[in-house]
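A.B. asks: Sequence first, then the predicted structure, then my questions.
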Amino acid sequence: MLMLRKILNIREFSRILMVLGIMMLVISPAKADLDSADKAALNAMIRAYIQDNPEIIRDALRDLAAREEAEQMRAALALLALSDGDPVLGNPDGKLTIYEFSDYNCGYCKRVFGAVQKVLADDDDIRFVVKEFPILAQSSMLAASAAIAAQAQGVFPDYHVTMMTNPGAISMETILQAAKDAGADLDRLQRDMRSPEVNAIITRTRQAADQLRISGTPGFVIGSTIVPGAISEDELRRLIAEARAKNG
């Protein structure tokens with residue numbers, strides 16, 4: 001038994017236990033139960049193996065945590081990908097999708113806006129989804145709702161540029177002026193801003209942010225990389241190259 005314990009690794013030991021379990025299921029009822037001596041010997045072997053290899057408990061817990069975290073990430077990214085109605089910049093059919101959690105009252109969002117614009121101007125294969133994440137003020141909620149409503153009318157890009165380059169405080173007046181300058185039907189825009197559909201899109205974004213552990217703006221998701229904060233143009237380009245390399 002000592003030699004057996006020395007040569008078994010974790011996978012081999014697990015397979016043996018699985019085989020034993022299967023054998024217990026398929027043998028005849030009359031022989032299904034191990035006698036007391038056999039049970040004691042099996043329990044002793046398992047106990048001795050764990051005592052000689054205590055790291056298997058640590059490794060098993062670590063592997064379980066890693067699997068659970070990976071599953072949570074897959075679920076979060078799947079929710080993030082539900083982007084019907086979200087505003088889009090760049091190429092709507094671009095092969096690489098980048099997500100930005102953004103708030104129109106966020107100074108850091110406005111600072112990184114220039115880098116985003118340069119990258120999109122140089123790369124016509126990026127679908128850039130703006131996840132409206134109004135967290136800083138009530139006017140953020142109004143501006144986000146107007147952005148989603150502007151997307152529905154096909155005038156979001158111009159609205160977004162005006163709002164992101166606005167140096168002053170955001171008000172309903174500045175929001176409507178930005179939408180008007182972009183060519184929006186203001187009556188329809190204001191109706192849509194109050195609609196359950198727009199509210200549902202913002203709620204979906206909040207849920208995705210929570211699952212991704214993004215609590216501030218800006219927040220970027222590039223491939224499977226999460227960047228919780230502002231990013232330089234060089235770093236943005238580097239992460240784009242990495243995401244494309246991973247995708248082949």
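C.D. replies: Good, I have the coordinates.

A.B. asks: For the spatially most central residue of the chain, give me the pLDDT.
C.D. replies: Geometric centre of the chain, nearest residue: Leu77, 3.7 Å, by Cα atoms, centre = their mean. Confidence at Leu77, expressed as pLDDT, is 92.

A.B. asks: doesn't Ser224 make contact with it?
C.D. replies: Yes. With contact defined as Cβ atoms under 8 Å, Leu77 counts as touching Ser224 (7.0 Å). Placement of C-beta: from N, CA and C, glycine included.

A.B. asks: quick revisit: pretty sure the residue nearest to the centre of the chain is in a helix, no?
C.D. replies: Yes. Under DSSP: H, G, I helix; E, B strand; the rest coil, Leu77 falls within a helix.

A.B. asks: Contacts for stretch 114-127, please.
C.D. replies: Around stretch 114-127, the neighbours that count as contacts under Cβ atoms under 8 Å, 6 or more residues apart in numbering are 88-98, 100, 128, 161, 231-233, 236-237, 240.

A.B. asks: Filter these down to the buried ones.
C.D. replies: Taking 16 or more other Cβ atoms under 10 Å as the criterion, what is buried in those is 88-90, 94, 96-98, 100, 128, 161, 231, 236-237, 240.

A.B. asks: and which of the residues you listed is nearest to Ile202?
C.D. replies: Glu100 (14.7 Å; Cβ to Cβ).

A.B. asks: Give the phi and psi angles for the closest one, as a check.
C.D. replies: phi -130, psi 120 (degrees, to the nearest 10).

A.B. asks: mind listing what it touches?
C.D. replies: Cys109, Val116, Phe128, Val129, Val130, Lys131, Pro218, Gly219, Phe220.

A.B. asks: wouldn't the third one be in contact with Leu96 here?
C.D. replies: This means Phe128. No. Phe128 lies out of contact with Leu96 (Cβ under 8 Å); the separation is 9.3 Å.

A.B. asks: correct me, but Ser215 touches Ala209?
C.D. replies: Yes. With contact defined as Cβ under 8 Å, Ser215 reaches Ala209; the gap is 7.2 Å.

A.B. asks: which one of the two has more residues nearby?
C.D. replies: Ala209 (22 against 12; other Cβ atoms under 10 Å).

A.B. asks: what pLDDT, on average, does the strand or helix carrying that one get?
C.D. replies: Secondary-structure assignment from DSSP states H and E places Ala209 in helix 196-212. Taken as a whole, helix 196-212 has a mean pLDDT of 97.

A.B. asks: Lys118 and Met193: what is the separation?
C.D. replies: 30 Å (Cβ to Cβ, to the nearest Å).

A.B. asks: For these two, indicate the residue with more neighbours.
C.D. replies: Met193 (23 against 13).

A.B. asks: Next up, the contacts around that one.
C.D. replies: So Met193 contacts Leu142, Ser145, Ala146, Ile148, Ala149 (Cβ under 8 Å, 6+ apart).

A.B. asks: Reformat those as TSV; add neighbour count, distance to Glu69 and pLDDT.
C.D. replies: Shown next, in TSV, are these (neighbours: other Cβ atoms under 10 Å; distance: Cβ to Cβ, whole Å; pLDDT from 0 to 100):
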residue	neighbour count	distance to Glu69	pLDDT
Leu142	19	36	98
Ser145	23	34	98
Ala146	28	37	98
Ile148	25	31	98
Ala149	28	37	98
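
A.B. asks: In strands, which of those appear?
C.D. replies: Assigned to strands by DSSP state E, none of these qualify.
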